[in-house]
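Novice: How does the following fold in three dimensions:
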Amino acid sequence: MTRNRFFIAAACIWLLVVQHASAQSVTGAGIGPVIGVGQGQGQGTPQGNLTASARFDDDGVPTGTVRIRLPGFAQATVDVNCLHIDGNIAIVGGPIRAGTSFDPALNFLYLIIEDNGPSVQGEPVDRVLAFATNFDACDATDIFLFLFRLINPDPMSHGNYAVSEEI
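Specialist: Sure, this is the predicted structure:
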């Protein structure tokens, strides 16, 4: 009987460790288009340095940061309150907490990241698109995933992202 309790306890500990070790997350950095910032100034769609580090904490709450820098124009930092992962695609972002040269009407910033694995012959294959809004887009992730697929951005020019859907 004691031996059975040991195996049951060991199995429970193993399950807790495995469950805790794997988590939904998105990390990485790259260069990609930013929609909603800088348009209307004759510059087309600006390219920005886009960095994300986000995961769900032990209570299932999204946590982390997103940083966007448009060289010579604008930069912003976001405390993540939205993280949606669907296979190899993630939407991550939230309200802008700090920034310069951003339109004050655009106070939310999100990245849509498609992790397509390692680069091929040194060329990135991941795709990323940043967008700024004047509303919390977290409840509309399906719409933004549809638009991402419709826009079908080119693979980013530099960088790599990792999207993990493991639960």
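
Novice: show me where the protein has strands.
Specialist: 25-35, 47-56, 62-70, 74-79, 82-86, 89-100, 108-114, 127-133, 159-164 (DSSP state E).

Novice: Tell me which of the ones you listed is the most buried.
Specialist: Compared across these, strand 108-114 shows the largest average neighbour count, a mean of 25 (mean count of other CB atoms under 10 Å). From N, CA and C alone the C-beta is placed, and that goes for glycine too.

Novice: Hmm, Leu83 is touching Ala54, no?
Specialist: Yes: under the criterion of CB atoms under 8 Å, Leu83 makes contact with Ala54 at 5.1 Å.

Novice: between the two, what contacts are shared?
Specialist: 26, 62, 64, 92 (CB atoms under 8 Å, 6 or more residues apart in numbering).

Novice: Mind pulling up the pLDDT for the last one?
Specialist: Among the per-residue scores, Val92 holds a pLDDT of 93.

Novice: Could you pull up the residues touching it?
Specialist: Applying CB under 8 Å, 6+ apart, the residues near Val92 are 26, 52, 54, 62, 64, 66, 80, 82-84, 110-111, 113.

Novice: Identify the farthest-apart pair in those residues.
Specialist: Across the contacts of Val92, no pair lies farther apart than Pro62 and Ile113, at 14.1 Å, counting by CB to CB.

Novice: From Ala132, how far off is Asp103?
Specialist: Asp103 sits 7 Å away from Ala132, going by CB to CB, to the nearest Å.

Novice: quick one: low-confidence parts of this protein?
Specialist: 1-23, 36-46, 101-102, 167 (pLDDT under 70).

Novice: middle-most residue in it, spatially?
Specialist: Geometric centre of the chain, nearest residue: Val92, 3.7 Å, by CA atoms, centre = their mean.

Novice: right, and Ala54 touches Val66 too?
Specialist: Yes: between Ala54 and Val66 there is a contact at 7.1 Å, judged by CB under 8 Å.

Novice: out of the strands of the chain, which comes closest to Pro153?
Specialist: That would be strand 127-133 among the strands of the chain, by CB to CB, at 5.0 Å.
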